[in-house]
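# just a sequence and a predicted model for now, questions to come.
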Amino acid sequence: MSAGQGSVDPRAFGIALDAPSRDIGTGSFAATEVRTRVVPPLATATSRAQRLTIAAVMADVVGVIVGYALARPVHLATGADPAPFLHARATLAWTVAFWAPIFAAYHLYDRRRLGSPAEEARQVLHAVCVATGSVVVFTFFAGVELERGSVAAIWATCLLTVGIVRLVMRKVAHRLNSRGFTAVRAVVVGVNDEARTLARILQRQRWRGYDVAGFVAVEPAGSASVDGRPVLGSVEDIAAVLDRTDAGTVLIAGSAVSSETRSELDRQLQASNVEVQVSLGLPNLAASRLSVQGIDGLAMLSVQPKRLSRRQVVGKRMFDLVTAVTLVILTAPVTALIALAVRLSGPGPVLFRQVRVGEGGRPFTLFKFRSMVVHTEVHLDELTSRNQADGLLFKMADDPRVTRVGRILRRLSLDELPQLLNVIRGEMSLVGPRPALLQEARRYDEQLRNRLRVKPGLTGLWQVNGRHALPFEDYVRYDLFYVENWSLSLDLYIMAKTIPALFSRQGAY
């Protein structure tokens, strides 16, 4: 498909990007809801991003100055002599200039390279350590000797103040990206599953600052749109597509293109001042497990194997057990009130029991507070035609079987509190894949059976990334990612994200 033969101009779709009749989407309600926002021209977005970077640098400098100011009273609180710190004050003022370049070397001002909050926290920690070391070196050659307590105070207070500053700036940047103020248009190369997944992620995570204008087909496209977004052209005319869409980013789905096509794309994009990102085409692989090595001019990816050791399995179980018992004790008053409300909501038991599939395919009885009227299975066949989920799931936003009390419990996932008992019994974990129904597990293929390699979780990546608003393939992707990349830090990250996700009520039915 050339630019002049059958390609689709996104301007013809209007702001809403209405999907044409020939759409090869999955039929998933989540995948076809394409909401767009007003995105500024590329030059304007670039200028705004530069001003935001300058503001971030100035904020960091202020954070360092405040950190230095707090370091002295912190140091003196330990009973240290104030004279050495006062003597070094003038020399320390010069070292403020070191921090921003060091932060830049750690890519802390590249707003699109920052990963999760945990990854950014590690970058900030390393940068603060290096910057503190540079302060020590500079003061040494300047003939000023800093006590160990002074250095420790500077490190601690600057880590605190800079961390707070960067948290605020991160929130500001995400808000500006989400509202389109600093967002840029992007085109996705490929129309396969991976390319469509990339588009869905950026549609859902608008804080990343990308607005997908459409797809670029690797081969002549058989449809005018994919999941409600236009197919803008083919690889051969990508330069014209970029010019027509005013896109500033090209996202290449690695599994959709051959090495020859990548070389062709690289050649065509050499003259274009656009950001190019290429996915690896390796599903469920965390970036933390990868490193790039060069072998005689060839870029090689080194993949670190990930297998749970016996010590890690025991550690995860102990963490689950201690945390679950603590939560049961702390939530006892709330649990009692919920049980009373459920009992008064209508006839039926307080607890709902259902057989689910656990680790290794072993069935277990899952506990929940009853949120529906009794004998709900009798009415399920009548409601099948109103299913709003895809794949193997059944979900309804306004399920008539849900009671008034149950609707409130579901919005905050309070109906799942009894699953802490499943965690204590060892049938579930605090964090893991969504517990599958028997009828779902019977239809699993070889890939989906990998979900059963670990215990199902009370919460998980699917919970903190959209819950029921996710299409089935994203459920699977998040669960398999967790299985392949488990770590205690990942569990802690997911648990920290669970409470905000519950109160946001995104995807809650």
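That came through, no problem.
# where in the stretch 251-400 of the chain is pLDDT low?
Along the stretch 251-400 of the chain, segments meeting pLDDT under 70 span 288, 305-308, 375-399.
# now the strands for it?
Listed in chain order, the strands of the stretch 251-400 of the chain (DSSP state E, counting those that start in this stretch) span residues 275-278, 290-295, 298-303, 351-357, 363-369.
# hey, which of those is tucked in deepest?
Per residue and on average, the most neighbours among these fall to strand 363-369, with a mean of 19 (mean count of other C-beta atoms under 10 Å). All C-beta spots, glycine's among them, are computed from the backbone N, C-alpha and C.
# each with direction, which strands does that strand pair with?
strand 351-357 (antiparallel) (DSSP bridges).
# pull the distance from the strand it pairs with to the chain's centre.
Relative to its parent chain, strand 351-357 has a centroid offset of 30 Å by C-alpha atoms, centre = their mean, to the nearest Å.
# tell me how many other residues surround the residue nearest to P349 when sequence neighbours are not counted.
Spatial nearest neighbour of P349, chain neighbours left out: R370 (6.1 Å); criterion: C-beta to C-beta, 6 or more residues apart in numbering. A count of nearby residues for R370, using other C-beta atoms under 10 Å, gives 23.
# switch the strands of the stretch 251-400 of the chain over to a markdown table; also include distance to R122.
Supplementary listing: the strands of the stretch 251-400 of the chain in a markdown table, determined by distance: least, C-beta to C-beta, whole Å:
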| stretch | distance to R122 |
| --- | --- |
| strand 275-278 | 21 |
| strand 290-295 | 15 |
| strand 298-303 | 19 |
| strand 351-357 | 36 |
| strand 363-369 | 36 |
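# for R170, which of the ones you listed is the nearest?
Distances from R170 to each of these were compared by C-beta to C-beta, and the smallest falls on strand 275-278, at 19.7 Å.
# name the helices or strands packed onto that closest one?
If contacts are counted by 3 or more C-beta pairs under 8 Å, 6 or more residues apart in numbering; DSSP states H and E, strand 275-278 sits against strand 249-252, helix 259-269.
# at 7 Å instead, please
Counting contacts by 3 or more C-beta pairs under 7 Å, 6 or more residues apart in numbering; DSSP states H and E, strand 275-278 packs against strand 249-252.
# below-threshold pLDDT in the chain: ranges please.
Low-confidence regions of the chain, defined here as pLDDT under 70, cover residues 1-37, 80-85, 111-116, 221-222, 288, 305-308, 375-399, 466-469, 503-509.
# re the thing from before, residue contacts, the residue nearest to P349?
With contacts defined as C-beta atoms under 7 Å, 6 or more residues apart in numbering, R370 is in contact with 342, 348-352.
# what do you get for A256?
The contact partners of A256, by C-beta under 7 Å, 6+ apart, come to 189-190, 192, 194-195, 218.
# then V38?
Contacts were defined as C-beta under 7 Å, 6+ apart; by that measure V38 touches G180.
# tell me the SS of it?
Put simply, V38 is coil when judged by DSSP: H, G, I helix; E, B strand; the rest coil.
# phi, psi for R185 please.
The phi and psi torsions at R185 (degrees, to the nearest 10) take the values phi -80, psi 150.
# how much space separates it from L488?
Using C-beta to C-beta, to the nearest Å, one obtains 39 Å as the distance from R185 to L488.
# look up the closest residue to A59, ignoring the ones flanking it.
Residue nearest to A59 in three dimensions, not counting chain neighbours: V165, with 4.9 Å by C-beta to C-beta, 6+ apart.
# burial measure for the one you found, as a count.
Residue crowding around V165 was assessed by other C-beta under 10 Å; the count is 21.
# what's near enough to touch it?
Listed by C-beta under 7 Å, 6+ apart, the contact set of V165 reads 59-60, 62-63.
# how many other residues sit next to Y482?
24.
# revised request: answer the last question for V464.
Burial of V464, expressed as a neighbour count using other C-beta under 10 Å, amounts to 22.
# pretty sure it contacts T498?
Yes: look at V464 against T498 with C-beta atoms under 7 Å: they come within range, at 5.8 Å.
# pull out the buried members of the contacts of V165.
The neighbour-count test (16 or more other C-beta atoms under 10 Å) marks 59-60, 63 as buried among these.
# can you tell me how far the residue nearest to P349 is from P347?
10 Å.
# could you do V334 as well?
As it turns out, when the distance is counted by C-beta to C-beta, V334 lies 24 Å from P347.
# same thing with G361?
For G361, the distance to P347 equals 35 Å [C-beta to C-beta].
# show me which of those two is the more surrounded one.
For G361 versus P347, the count of surrounding residues by other C-beta under 10 Å is larger for G361: 12 against 7.
# wait, what's in contact with that one?
G361 sits next to 441, 452 when contact means C-beta under 7 Å, 6+ apart.
# what is the burial count for the residue nearest to A71 when sequence neighbours are not counted?
Closest residue in space to A71, ignoring its immediate chain neighbours: A153 at 4.1 Å, by C-beta to C-beta, 6+ apart. Other residues within reach of A153, judged by other C-beta under 10 Å, total 25.
# repeat that for V250.
Here the number of neighbours of V250 (other C-beta under 10 Å) works out to 22.
# next up, the contacts around the closest residue in space to it that isn't next to it in sequence.
Take V250 and drop its neighbours on the chain: the residue closest to it by C-beta to C-beta, 6+ apart is V276, 4.9 Å away. The contact partners of V276, taken as C-beta under 7 Å, 6+ apart, are 250, 252, 269.
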